[in-house]
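Student: need coordinates for the below:
(one chain, ligands or ions: 2)
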Amino acid sequence: MRAWQVVRPGPVEGGPLRFTERPVPVPGADELLVHVRACGVCRTDLHITEGDLPVRRPGVTPGHEVVGVVAATGEDVRGHTVGDRVGVAWLRRTDGSCAYCARGAENLCPASRYTGWDADGGYAEYTTVPAAFAHRLPPGLDDVAAAPLLCAGIIGYRALRRASLPPGGRLGLYGFGGSAHLCAQLALAQGAAVHVMTRGAAARRLALELGCASANGAYDAPPEPLDSAVLFAPVGDLVPVALRALDRGGVLAVAGIHLTDTPPLHYESELFYEKELRSVTSSTRADAREFLALAARHGVRATTHTYPLSEARRALEDLKAGRFDGAAVLVNDSPARH
Ligand SMILES: [Zn+2]
Ligand SMILES: [Zn+2]
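Tutor: Ligands and ions are numbered 1, 2, ... in the order given. Predicted coordinates for the structure are as follows:
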């Protein structure tokens, strides 16, 4: 099969990704073999390609927003059959036995493993997934539309919960890419006033089209104080900017897996009055279930830009340069070989 591999992490323009010929993977006893139909392009893939995240599997195939069809099942798998449509997301495995897993915080499991980082992901014709971590997708959503929901959507949902947005509250979103534009739709469906601060003119236009109350530059102040904010841009300089925009008692959630260093915080204007600064770490399978159900109910839809699988590098370059609004999705149009 054809698959992309990160051969030597570095700036994506320098060619750290190679499109190679590899054997179709063999699923483990508790795993599914999945014929990839579509795979979303997430900023985390760029961080893995460029070496912002440490190498966990040399030569890894990125991609953790996979929509595909089960092509084979391991011998211990029950409840999935060949031909089922499934989604493969970032969280791939946990130990299921630690204190975090026991209290429903499997996203914090120290033994957790991730698709497209610890194990090969969806920038390929086939991938594998433990059956217990494969997601059932709402019918009525096509493959390309469903792909960005599997990381961008789920993380946006978790970030929104971490930001403790009150009903009808005032929400600020810093950065407006794949995750933020899905998060905005959920918040709007729940009656929030949403203010977007982002550098891209196309992203600001999309924000207003979706019904956001305002769209301004990344460092601009929103037109009203915020109850909650989510920082999607991986830019630490925006942390004090977003904290200053909060009303008393407001909460800022940092959604990214990677953030540049934050400058020193000024206590009186940025933290005092019980403002809270929180991070978001991965997500749980329960987040995924809840989000996919909400997305189906509220008609949350990703704005997508498709690329053939063979053009993954161009998709990542375009993501890095901010050349599209919404989310990029790779489409594998090679037929199943199984
Ligand atoms: Zn655990
Ligand atoms: Zn992701």
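Student: how about the strands in the stretch 51-200 of the chain?
Tutor: Here the stretch 51-200 of the chain has its strands, by DSSP state E, counting those that start in this stretch, at 66-73, 85-88, 91-93, 113-114, 126-130, 134-135, 170-174, 193-197.
Student: mean neighbour count for these - can I get that in CSV?
Tutor: Heads up, the C-betas are built off the backbone N, CA and C, glycines and all. As requested, these are exported to CSV (neighbours: other Cβ atoms under 10 Å):
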stretch, mean neighbour count
strand 66-73, 23
strand 85-88, 23
strand 91-93, 21
strand 113-114, 20
strand 126-130, 26
strand 134-135, 22
strand 170-174, 27
strand 193-197, 25
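Student: for S228, which of those is the nearest?
Tutor: Nearest of the strands of the stretch 51-200 of the chain to S228, taken as Cβ to Cβ: strand 170-174 at 5.2 Å.
Student: in its sheet, what does the closest one sit against?
Tutor: Strand pairing for strand 170-174, determined by DSSP bridges: strand 193-197 (parallel), strand 226-231 (parallel).
Student: any chance of those strands in JSON lines, with distance to ligand 1 and mean pLDDT too?
Tutor: Formatted as JSON lines, the strands paired with strand 170-174 follow (distance: least, Cβ to the ion, whole Å; pLDDT from 0 to 100):
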{"stretch": "strand 193-197", "distance to ligand 1": "35", "mean pLDDT": "98"}
{"stretch": "strand 226-231", "distance to ligand 1": "26", "mean pLDDT": "98"}
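Student: make TSV out of those strands and add distance to D237.
Tutor: Output for these, formatted as TSV (distance: least, Cβ to Cβ, whole Å):
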stretch	distance to D237
strand 193-197	12
strand 226-231	10
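Student: any idea of the pLDDT on the closest residue to ligand 2 within the stretch 151-300 of the chain?
Tutor: Of all residues in the stretch 151-300 of the chain, the one sitting closest to ligand 2 is C151 (3.2 Å; Cβ to the ion). Note for C151: predicted pLDDT of 94.
Student: with the one 5 residues further on instead?
Tutor: On the pLDDT scale, G156 is placed at 95.
Student: which one is it nearest to, not counting chain neighbours?
Tutor: C183 (3.2 Å; Cβ to Cβ, 6 or more residues apart in numbering).
Student: OK, contacts around the one you found?
Tutor: Residues near C183 by Cβ atoms under 8 Å, 6 or more residues apart in numbering: G156, Y157, A159, L160, L173, V230, F232.
Student: and if we set it to 7 Å?
Tutor: Counting by Cβ atoms under 7 Å, 6 or more residues apart in numbering, C183 makes contact with G156, Y157, A159, L160, L173, V230.
Student: T73: which of those is nearest?
Tutor: Out of these, the member with the shortest distance to T73 (by Cβ to Cβ) is Y157, at 29.0 Å.
Student: do you know how far the closest one is from R18?
Tutor: As judged by Cβ to Cβ, to the nearest Å, Y157 and R18 stand 34 Å apart.
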